[in-house]
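Trainee: just coords:
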């Protein structure tokens, strides 16, 4: 499960382009906290601290406790804007987690045990339909990934979301049994060894 990360931030008294530029000059990234029927709140984050979290590769599925002075806000990142040239973070949107503690997250699908699939061993092709799935789950139990094994899977077999063991309390946002992947045969068919030619019959001796 993804852990809840504590992150110190500072309140931003003013909003707008001028305030945002000023924050960036000081090595901080402007951000906003919104949702849960409360007024949006402007904050800034240390660029170095934010960069560290962005480099984790799980930023958008990580729950944060933002420390604002003596209080904290439990949030989930919803969007990050990047500079088109330097690729540096320019702005972050954080969504407040509601009272019921449920959040919607997009989780990557990790497929393992390719060598243990008979279909792939014989030249089959793994056709991945969904590289990630959208789940609704408790904020304190957000999975970092969904891991699925290919062991024993052959040609023509598919895996649907109903066959995936999801973490307790998590369920797909899409209300149908969608396909994660399929193993399809190679285009030229499966090669089989040609039968050996029969040895010529010996003539009977007179």
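Mentor: Nice, I can see it. Being a predicted model, the structure only gives us computed values, none of them experimental. Numbering: from 1, shown residues only.
Trainee: Could I get the pLDDT score of residue 196?
Mentor: Here the pLDDT value assigned to residue 196 is 47.
Trainee: what secondary structure does residue 23 sit in?
Mentor: helix (DSSP: H, G, I helix; E, B strand; the rest coil).
Trainee: oh, and call the first residue 681 from now on, that's how I've got it
Mentor: In the new numbering, first residue 681, that becomes residue 703.
Trainee: Name the residues that touch the helix or strand of the chain with the lowest mean pLDDT?
Mentor: Sorted by mean pLDDT, DSSP states H and E, the helices and strands of the chain end with helix 697-705, the least confident at a mean of 87. Under the contact criterion C-beta atoms under 8 Å, 6 or more residues apart in numbering, helix 697-705 has outside partners 692, 693, 709, 710, 722, 724, 727, 770, 771. Heads up, the C-betas are built off the backbone N, CA and C, glycines and all.
Trainee: What residue, apart from its backbone neighbours, is nearest the last one spatially?
Mentor: Right, the one you point to is residue 771. residue 761 (4.3 Å; C-beta to C-beta, 6 or more residues apart in numbering).
Trainee: And for that neighbour, the neighbour number?
Mentor: 12 (other C-beta atoms under 10 Å).
Trainee: Repeat that for residue 699.
Mentor: 15.
Trainee: swap in residue 815?
Mentor: 23.
Trainee: do the same with residue 853
Mentor: Neighbour tally, residue 853, other C-beta under 10 Å: 11.
Trainee: that older thread, from residue 704, how far out is the residue nearest to residue 771?
Mentor: 12 Å (C-beta to C-beta, to the nearest Å).
Trainee: Need the residues touching each of these two.
Mentor: By C-beta under 8 Å, 6+ apart, residue 761 and residue 704 have these common neighbours: residue 770.
Trainee: Low-confidence ranges, the protein, go.
Mentor: Along the chain, segments meeting pLDDT under 70 span 681-682, 868-886.
Trainee: contacting residues for the residue nearest to residue 771?
Mentor: 769, 770, 771, 772.
Trainee: Brilliant, that's me finished.
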